[in-house]
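In: test case, fold it:
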Amino acid sequence: MEPPIGYIRLRDAIYLVGDKIFEPEWCASNWPRTGDLPSPIVFDRKTERAITMIAKWCESGDVAAVYRSIGGADPLDRSVWRRPNFRSYFIDGTIDLDLPLVDEKLRPSRGGYMERCTREIFVNEQDVERRVETLQSPRTSHAGRKPTHDWAALQEKFWELWNEKGDFREPDQMLDWNSQAVAAKTLLEFLKGGAAPDQKIPLRDA
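Out: Numbering: from 1, shown residues only. Below is the predicted model of the structure:
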């Protein structure tokens, strides 16, 4: 059965989040929007991050969540996302709820009896898309001015100094070559005003 109009399954929500903050290949192999999910589902670091993010959105009310009911869909109590087992909702997209027992005419029973029912969960598609838009994509997070340093030349200069001064880890080294940090500062002169390298100085066996 299709989701209510304007809503998507939890599986689709995970895909939307994962496609924005992880590699597309991760979504395709772990949380595809169609077909069978991998068995068993692996709750790795990325899955944990994605489902926890969605659960927090639903718990805070930023993303509306509903469950399938006899009348179509009813709002899901936000407190269910604080339960320790909230991760289980994402395995098959359902939740177990205690709901009023109804008669053949779909009216609540007079005795106020309740029964445990398994219901599918849906989340508002626009709410999810709005929150996903605020996430930083790794494909754009490193955008900006490209490095201008010639790292090959810098490495060549490093080995030139290494051969001249020796291993900076040796005791009684010169003050401008007595640690990795100091050696990096010495190389600044070679960068001609550039920033200090953010990579560790490559070491080799002495």
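In: residue ranges with poor pLDDT in the protein?
Out: 103-106, 138-153, 159-160, 162-164, 191-206 (pLDDT under 70).
In: in a helix, V66, correct?
Out: No - V66 is assigned strand when assessed by DSSP: H, G, I helix; E, B strand; the rest coil, not a helix.
In: what strand or helix carries the residue located most distally from the centre of the chain?
Out: Distance from the centre of the chain peaks at D172, with 47.6 Å (C-alpha atoms, centre = their mean). Here D172 is covered by no helix or strand, with elements defined by DSSP states H and E.
In: how close does it sit to Q180?
Out: In this view, D172 and Q180 are 17 Å apart by C-beta to C-beta, to the nearest Å. Any C-beta I mention is one placed from the backbone N, CA and C, and that applies to glycine too.
In: likewise for R82?
Out: R82 is 47 Å from Q180, by C-beta to C-beta.
In: what's the answer for V132, then?
Out: Distance check for V132 against Q180: by C-beta to C-beta, it reads 41 Å.
In: between the two, tell me which one has more neighbours.
Out: V132 (19 against 12; other C-beta atoms under 10 Å).
In: any idea how far the longest strand anywhere in the chain is from the chain center?
Out: Ordering each strand of the chain by length in residues (DSSP state E) puts strand 114-124 first. Taking C-alpha atoms, centre = their mean, to the nearest Å, one finds the center of strand 114-124 at 26 Å from the center of the full chain.
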